[in-house]
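1. Mind folding the following:
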Amino acid sequence: MSEPEPQTAAGKVLWHFTMSLDGFVAGPAHDMSWMTGFTGRPGIVEEYVSTLGAVLGGRNGWDAAPGARPYGDWPGPVFVLTHHPEDAEPFDNVTFLNCGPAEAVRIAREAAGGKNVEVHSPTIGRQLLELGLIDDIDLHIAPLLLGDGIRLYDNPGGAPVRLHRVHDGDPIAELNLRYRP
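-> Residues are numbered from 1 along each chain as shown. Reported below is the predicted structural model:
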């Protein structure tokens, strides 16, 4: 299996996560401590950082780790979609939005300045997928069965979403897949 082509700063909306093999992107209560100790393709973090223009996330994830920056210290704009922006603690370069997901993507794309917007929320990602606003789903499959937590895609009773594989992944330690809805 070959590695996906490097990500480019093409103004795409990426639903981007490291995920356990059993489909969890966070543990119970949005715990992320399980995400250490995995190896990926050399340079992959720098690749995503260099193409990243804005991040869109949700309030539950934000509240579980307030002030946490994507990729450790990425300084760019973060948008947190919430129904209650008035009770959010302010942080530098973090904007709390109370709007629909399509409007949140529009705002994030404008701030991204032609670079990619990464969606770091399973719930918002599902909504954007339903609206046809996800360009790529970039997953890094960690060799771990978490067993419980927050699933990437949870839509009980919903119709299946067919995906088209864009590239094969490399089976060394972490499997990197890119799908397009």
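
2. Which parts of the chain are helices?
-> Using DSSP state H, the helices of the chain run over 44-51, 59-64, 101-112, 122-130.

3. and among those helices, the most buried is which?
-> helix 122-130 (a mean of 21; mean count of other Cβ atoms under 10 Å). Backbone N, C-alpha and C define where each C-beta goes, glycine included.

4. Select, out of the helices of the chain, the one closest to Gly23.
-> Gly23 lies closest to helix 122-130 among the helices of the chain, at 10.0 Å (Cβ to Cβ).

5. what's next to the closest one, contact-wise?
-> With contact meaning Cβ atoms under 8 Å, 6 or more residues apart in numbering, helix 122-130 is reached by 13, 15, 17, 25, 56-58, 60, 81, 101-102, 104-105, 119, 134, 137, 150-155, 161, 181.

6. ChimeraX command for the buried members of these?
-> Provided next is the ChimeraX selection string for whichever of the contacts of helix 122-130 are buried by 16 or more other Cβ atoms under 10 Å:
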select :13,15,17,25,56,57,58,60,81,101,104,105,119,134,137,150,151,152,153,181
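
7. on that earlier part again, any chance of TSV for the helices of the chain, columns distance to Asp31 and mean pLDDT?
-> Below are those laid out as TSV (distance: least, Cβ to Cβ, whole Å; pLDDT from 0 to 100):
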stretch	distance to Asp31	mean pLDDT
helix 44-51	21	92
helix 59-64	8	93
helix 101-112	25	98
helix 122-130	14	96
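
8. out of these, nearest to Ala88?
-> helix 59-64 (7.4 Å).

9. about what we covered before: with distance to Leu145 added, can I get the helices of the chain in CSV?
-> Formatted as CSV, those follow (distance: least, Cβ to Cβ, whole Å):
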stretch, distance to Leu145
helix 44-51, 22
helix 59-64, 22
helix 101-112, 30
helix 122-130, 18
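
10. who wins for proximity to Glu89 among the ones you listed?
-> Comparing those under Cβ to Cβ, the one sitting nearest is helix 59-64, at 9.3 Å.
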